[in-house]
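Visitor: From the sequence below, what's the structure:
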Amino acid sequence: MVRAALKLGLVAALVLFPFAVTSPYYLHLLVVVAIFSIVALGLDIVFGYTGEVSLGHAALFGVGAYTAGVLEFQFGIGFWVALPLGALVAAGFGALLALPALQVTGPYLAMVTLAFGTIIAILINEMTFLTNGPLGISLTKPFFADLREALPWLGMSKPRMRDVEYYYVVVACLLATLVVINRLLASRFGRAFEALRDSPVASDCMGVSVYSHKVLAFVLSAGFAGLAGVLFTYSEQYIAPNNFSFDLSIGFLLAVTMGGRKSRIGPILGTVVVVFLPNLLADIELFRIVAGMIAAVAVVVGGIIAVREPARRLYVAIPVVLCIGFFIFALWLPKITDYKLTVYGLMILFVVYYLPDGIYGLIR
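Guide: Sure, this is the predicted structure:
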């Protein structure tokens, strides 16, 4: 009952968000969070459930994005056709990568996917006859229906209404992704993914093909990345090769790791952190407020753990002291811009080291 209420509350919050926020900037940020969450949820199938690391998901994301861009730019084919095609093309590229690459595992697979990402970036940059090369592709956001005529009390301009419409399309795709992944992981395929991560040898002995299930996981993950890529193209209304760099692949991995693997909420929480953290680190006052909130939460949670589990007091004391020190550092800091990368790195290191199950693992 509680879970159902939380789910309904989340859906209601997503539906009502555009009416509570008048700034197109924050609406756009939430659209980016939803799009990146689709990639992170797909990546969690590979990273969280099969235990493999992919550094090529930015490239698969780019394949979906450029499928939409090329269809619109070269052939005049619009959003609704591009949406499934982008997912299918990216899944096809995922299969081409996975079939040979998943013969190896661990760091070797990571290097293969990294090389794949580099190759895709070069192809996008060099195939000017198709992708327009470094100049990129510009297009307009799809306009589905002018709801101002049906709901005149909205009081929104046409561009604002277009942003709101597109927000709902992206949220619908995110919710559909959650439903599909939930069904998949509750099926025998999900159980097979989890088994081959924990004990691949035993899985093979039980008749569960490790290789074929890892390929399936990678292809499905690539399809979700392609779907998100199409949504990203129409959200930004411009794509270029540098939109899909190696840094973006690292960002997707961080979202899954920081939020919490093997969950549906974790990758979304991690994506919120990855998307909003750069904005947080641009405003010193906001940074101080958040640092103070983190310190307060750390003191409360640390105190509860110390009372309940005295043996862990020293282990808990270290992150609590670090959080308090972080807050003092934020108060002392005159401006944040010169230390953005340092603070970003320290926060990531702290979460990965002290929260191995991610943020969702802590609150769960």
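Visitor: can you map out the helices along the stretch 101-250 of the chain?
Guide: For the stretch 101-250 of the chain, applying DSSP state H, counting those that start in this stretch gives helices covering 107-126, 128-131, 147-150, 158-186, 188-198, 200-205, 210-236, 246-259.
Visitor: right, so the ones you listed: which one is the most enclosed?
Guide: Most buried of those, by mean neighbour count (mean count of other Cβ atoms under 10 Å): helix 210-236, with a mean of 25. Where you see a C-beta, it was placed from the backbone N, CA and C, and this is true even at glycine.
Visitor: Just the mean pLDDT for that helix, thanks.
Guide: Here helix 210-236 scores 92 as its mean pLDDT.
Visitor: Now do it against helix 107-126, angle only.
Guide: Helix 210-236 and helix 107-126 are oriented at 40 degrees to each other (axes from the mean of the first three to the mean of the last three Cα atoms, to 10 degrees).
Visitor: ok and helix 210-236 relative to helix 246-259, angle-wise?
Guide: Using the same axes, to 10 degrees: helix 210-236 against helix 246-259 is 110 degrees.
Visitor: Run the chain-centre distance for helix 210-236.
Guide: 12 Å (Cα atoms, centre = their mean, to the nearest Å).
Visitor: same deal with stretch 290-309?
Guide: 28 Å.
Visitor: which parts of it are buried?
Guide: 290-292, 294-295, 298, 301-302, 305-306 (16 or more other Cβ atoms under 10 Å).
Visitor: average pLDDT for it?
Guide: Mean predicted confidence for stretch 290-309 is 81.
Visitor: among the buried residues of stretch 290-309, which are in helices?
Guide: Among the buried residues of stretch 290-309, the ones falling in helices (DSSP state H) are 290-292, 294-295, 298, 301-302, 305-306.
Visitor: ok so, going back, and the buried residues of stretch 290-309, which is closest to Ala110?
Guide: Ile294 (31.1 Å; Cβ to Cβ).
Visitor: Can you verify my assumption that that closest one contacts Ile324?
Guide: No. Taking contacts as Cβ atoms under 8 Å, Ile294 lies outside contact range of Ile324: 9.5 Å.
Visitor: related to what we said a few turns ago, and the buried residues of stretch 290-309, which is closest to Ile120?
Guide: For the buried residues of stretch 290-309, the nearest to Ile120 is Val290 (35.9 Å; Cβ to Cβ).
Visitor: per-residue confidence at the nearest residue to the closest one once chain neighbours are set aside?
Guide: Counting by Cβ to Cβ, 6 or more residues apart in numbering, Val290 lies nearest to Leu280, which is 5.9 Å off, once chain neighbours are set aside. In this model, Leu280 is scored at 72, pLDDT.
Visitor: Including distance to Ala176, could the buried residues of stretch 290-309 go into JSON lines?
Guide: Formatted as JSON lines, the buried residues of stretch 290-309 follow (distance: Cβ to Cβ, whole Å):
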{"residue": "Val290", "distance to Ala176": "32"}
{"residue": "Ala291", "distance to Ala176": "37"}
{"residue": "Gly292", "distance to Ala176": "38"}
{"residue": "Ile294", "distance to Ala176": "34"}
{"residue": "Ala295", "distance to Ala176": "39"}
{"residue": "Ala298", "distance to Ala176": "37"}
{"residue": "Val301", "distance to Ala176": "35"}
{"residue": "Gly302", "distance to Ala176": "39"}
{"residue": "Ile305", "distance to Ala176": "38"}
{"residue": "Ala306", "distance to Ala176": "43"}
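Visitor: residues in contact with stretch 249-267?
Guide: 36-37, 39-41, 43-44, 47-49, 53-59, 61, 114, 117, 178, 181-182, 194, 268-271, 273-274, 348, 351-352, 355, 357-361, 364 (Cβ atoms under 8 Å, 6 or more residues apart in numbering).
Visitor: what do you get for stretch 294-308?
Guide: Contacts for stretch 294-308 (Cβ under 8 Å, 6+ apart): 312-313, 316-317, 319-320, 323-324, 326-327, 362.
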